[in-house]
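A.B. asks: what would the 3D arrangement of this be:
(one chain, ligands or ions: 1)
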Amino acid sequence: MSIRYLKEILQNGSNIVCLLGREAAAQHGGMFYQRDFGYDIEMKYGILPDEILSTTYFHNRPQEFFRFYREEILMKRAEPDGVNYTLKRMQDDGKLSAIVTRGFYNLSKRVGCRNVIHLYGTIDDNHCPHCGEKYSADYILEHRPIPKCSKCGTMIHPGVALAGEMLDSSVMTRAAEAVSCADTLLVVGCSLASRLGSLERYFNGNKIALVNTREHYTDRRADCVCIGPSLEDILISAYPGADPGPDCGKTAGDANTDEERNER
Ligand SMILES: [Zn+2]
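C.D. replies: Numbering: from 1, shown residues only. Okay, the predicted model is just below:
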């Protein structure tokens, strides 16, 4: 299987749903999703990032929580790359109907994608838990040490879902419905065994295409598997367009040299 086959699947699909995993967010530059991040944070804060991003820590140590949230998440946020711009083109061409992601940097929406389902919220959807007023990421950055609601003075809740909180079941339902209606499932940056990839169980369509940086034994459930170091190179090669977007790195031609390796 190859980029050529991926190209064919994407050309034939008319209701593609993309599951956009954390590896894709790591390649966008999102520090939170990079492998050394947990270690670096533990050295700096004495606690793992997943423990900081929990409802217990948020309520017990709000000042430390917001310091971490500002310095490590908001100030080291990821930028959209060729993956996002390619998905946008697929959507403009009427092929891609929805993107489901656990990434919280809101990258697909920033390049103009529609129907992006964020399972874990986004950094742009902060709100007051008391009166419901909404706040931008900039408001959190500007109001130190603890950002409070300008209307009622309550501590603002971050837009990112915290461990120990119930996930919004309506969001999960929307994601499952989108996957169940798709004719093609495009899985980018995660395996089918991951929490996001496991949405595959709702899929009733024809083809599953998987693009990832590492192989996984569950890859055999996909019809087409492309493994390579750069997710955006693979996607741009498989769905080339006139303008893949600014700063998206290499051209599609570079990625073709990986094609042999991606033959499986
Ligand atoms: Zn309020």
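A.B. asks: helix, strand or coil for the residue nearest the centre of the chain?
C.D. replies: Centroid-nearest residue in the chain, with Cα atoms, centre = their mean: residue 103, separated by 3.1 Å. Following DSSP: H, G, I helix; E, B strand; the rest coil, residue 103 is assigned to coil.
A.B. asks: against the ion, how distant is it?
C.D. replies: 27 Å (Cβ to the ion, to the nearest Å). From N, CA and C alone the C-beta is placed, and that goes for glycine too.
A.B. asks: got phi/psi on the closest residue to residue 122 other than its chain neighbours?
C.D. replies: Among residues not flanking residue 122 along the chain, residue 106 sits closest, at 4.2 Å (Cβ to Cβ, 6 or more residues apart in numbering). Phi and psi for residue 106, reported as degrees, to the nearest 10, are phi 70, psi 30.
A.B. asks: what stretches of this structure score poorly on pLDDT?
C.D. replies: Along the chain, the model assigns pLDDT under 70 to residues 1, 26-35, 242-264.
A.B. asks: could I get stretch 102-114 in PDB with only the CA atoms?
C.D. replies: The C-alpha coordinates for stretch 102-114 follow below in PDB (Å, rounded to 0.1, in the frame of the first residue of the first chain):
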ATOM      1  CA  ARG A 102      -8.500  15.600  20.700                       C
ATOM      2  CA  GLY A 103      -6.100  18.400  19.900                       C
ATOM      3  CA  PHE A 104      -7.000  21.600  21.800                       C
ATOM      4  CA  TYR A 105      -5.100  24.200  19.800                       C
ATOM      5  CA  ASN A 106      -8.100  24.900  17.500                       C
ATOM      6  CA  LEU A 107      -5.800  24.600  14.400                       C
ATOM      7  CA  SER A 108      -8.200  23.300  11.800                       C
ATOM      8  CA  LYS A 109     -10.700  26.000  12.600                       C
ATOM      9  CA  ARG A 110      -8.000  28.600  12.500                       C
ATOM     10  CA  VAL A 111      -7.400  27.800   8.800                       C
ATOM     11  CA  GLY A 112     -11.200  27.900   8.200                       C
ATOM     12  CA  CYS A 113     -12.300  24.300   8.500                       C
ATOM     13  CA  ARG A 114     -15.900  23.700   9.400                       C
END
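A.B. asks: buried sites along that stretch?
C.D. replies: 102, 103, 104, 105, 106, 107, 108, 109, 110, 111, 113 (16 or more other Cβ atoms under 10 Å).
A.B. asks: repeat that for stretch 60-76.
C.D. replies: Quick answer for stretch 60-76 (16+ other Cβ under 10 Å): 62, 65, 66, 67, 68, 69, 70, 72, 73, 74.
A.B. asks: check the secondary structure at the nearest residue to the second one once chain neighbours are set aside for me.
C.D. replies: Spatially, and ignoring its direct neighbours in sequence, residue 65 is nearest to residue 58 (4.9 Å; Cβ to Cβ, 6+ apart). Classification of residue 58 into helix, strand or coil gives helix, according to three-state DSSP.
A.B. asks: which bits of the stretch 1-150 of the chain sit near the ion?
C.D. replies: 128, 130, 131, 133, 149 (Cβ under 5 Å from the ion).
A.B. asks: er, the stretch 151-264 of the chain I mean
C.D. replies: 151, 152, 154.
A.B. asks: nearest to residue 46 among the residues you listed?
C.D. replies: Of all these, residue 46 sits closest to residue 154, with 28.4 Å by Cβ to Cβ.
A.B. asks: what about the closest one, how many neighbours?
C.D. replies: The local packing of residue 154 (other Cβ atoms under 10 Å) involves 14 other residues.
A.B. asks: tell me the contacts of it?
C.D. replies: Residue 154 is in contact with 128, 129, 130, 131, 148, counting by Cβ atoms under 8 Å, 6 or more residues apart in numbering.
A.B. asks: and it, how far is that from residue 139?
C.D. replies: 14 Å (Cβ to Cβ, to the nearest Å).
A.B. asks: please apply the same query to residue 69.
C.D. replies: 12 Å.
A.B. asks: likewise residue 108?
C.D. replies: In terms of Cβ to Cβ, residue 108 sits 22 Å off from residue 139.
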